[in-house]
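Trainee: Requesting a structural model of the entry that follows:
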Amino acid sequence: MLFDLLNGGNKAWGETSPYAALGRKALDAAALDFRLGNAGAGFGAKAGPFKGGLGSASAVSGDGLQIGAIVAVNCVGSPVMPGQASFWAWPFEQANEMGGQPIPTGPIDFQSPAEAWTGSPLDSLTNQAGENTTIGLVATNAKLTKSEALRVAIMAQDGYARSIRPVHTPFDGDTVFAASTGTWGQDIEARADLVNRIGLVAADCLARAVARGVYEATALGALPAYREVHGKNLRVK
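Mentor: Residues are numbered from 1 along each chain as shown. Presented below is the predicted three-dimensional model:
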């Protein structure tokens, strides 16, 4: 669950919130194929100045290691470079999954208003800690112990830093969970190398998932869609 209570809409549900029923509906609807953008936990999300959303990305190695990520992007920071059309995660794009990202036209303008973080990027009188958050899950088919999964989650957090700026602010409750099906690599003895390999790719997948969640989102209320603002700058329509 992410914090989207300030995004408008009817919240007058009385003493019984809808969240338990929504959780059951999500479980019943679970499938191999699922929508991104304005779907599920991403429906009411925002990402800096853009509409946020649900994103996912994955990677499969030649020897059978599988790593996937899913994330609900509801961050204070922006996923897009200031004054440009490129996602911060543009170098990690695979198969035009972000619309064919343009190469940045120049270095970051650290004097731009979007980079001059002199205080809260939102109204400091109303914005409270934890009212934004980016919540993600990275999963692998590799067999991991609990401590190894924790290290994968720690490494995967770097995916947020590669795709959102600023990130881990006092106004965000950023979280990454890690899960393992334990069906691959049971006999691998070089455990540290395996964890390092999974954590590295998991961070890349999470960065891609963040950008995809915003790329796939459509405008809602006052929040514009990324493609409405920057669609003409993409290399693939």
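
Trainee: and the residue nearest the centre of the chain, what element?
Mentor: Among the residues of the chain, the one closest to the centroid is residue 210, at 2.9 Å (Cα atoms, centre = their mean). Assigned by DSSP states H and E, residue 210 belongs to helix 191-216.

Trainee: pLDDT averaged over that helix - what is it?
Mentor: Helix 191-216 shows a mean pLDDT of 98.

Trainee: My guess is the residue nearest to the centre of the chain contacts residue 135. True?
Mentor: No. Using Cβ atoms under 8 Å, residue 210 makes no contact with residue 135, being 11.1 Å away. Just so you know, the C-beta spots here come from the backbone N, C-alpha and C atoms, and that holds for glycine as well.

Trainee: I'd like to know which helix or strand in the chain has the lowest mean pLDDT.
Mentor: Counting by mean pLDDT, DSSP states H and E, the chain has its least confident helix or strand at helix 19-28, which shows a mean of 90.

Trainee: Report all helices and strands that the helix or strand that that helix is followed by contacts.
Mentor: For helix 19-28, the following helix or strand on the C-terminal side (DSSP H and E) is strand 46-47. Contacts defined by 3 or more Cβ pairs under 8 Å, 6 or more residues apart in numbering; DSSP states H and E place strand 46-47 against strand 66-74.

Trainee: Mind checking the pLDDT average for the strand it packs on?
Mentor: Regarding strand 66-74, the rounded mean pLDDT is 97.

Trainee: could you give the angle of the next helix or strand after it to strand 66-74?
Mentor: The helix or strand immediately downstream of strand 66-74 is strand 133-142, counting by DSSP H and E. Here the directions of strand 133-142 and strand 66-74 differ by 170 degrees (axes from the mean of the first three to the mean of the last three Cα atoms, to 10 degrees).

Trainee: in its sheet, what does strand 133-142 sit against?
Mentor: Next to strand 133-142 in the sheet, as set by DSSP bridges, lie strand 66-74 (antiparallel), strand 175-184 (parallel).

Trainee: angle of that strand against helix 191-216?
Mentor: Put simply, strand 133-142 runs at 130 degrees to helix 191-216, going by the same axes, to 10 degrees.

Trainee: which parts of strand 133-142 are buried?
Mentor: 133-142 (16 or more other Cβ atoms under 10 Å).

Trainee: would you turn these into a markdown table with pLDDT and distance to residue 195?
Mentor: Converted to a markdown table, the buried residues of strand 133-142 look like this (pLDDT from 0 to 100; distance: Cβ to Cβ, whole Å):
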| residue | pLDDT | distance to residue 195 |
| --- | --- | --- |
| 133 | 89 | 26 |
| 134 | 95 | 23 |
| 135 | 96 | 22 |
| 136 | 97 | 18 |
| 137 | 98 | 17 |
| 138 | 98 | 12 |
| 139 | 98 | 14 |
| 140 | 98 | 10 |
| 141 | 98 | 14 |
| 142 | 98 | 9 |
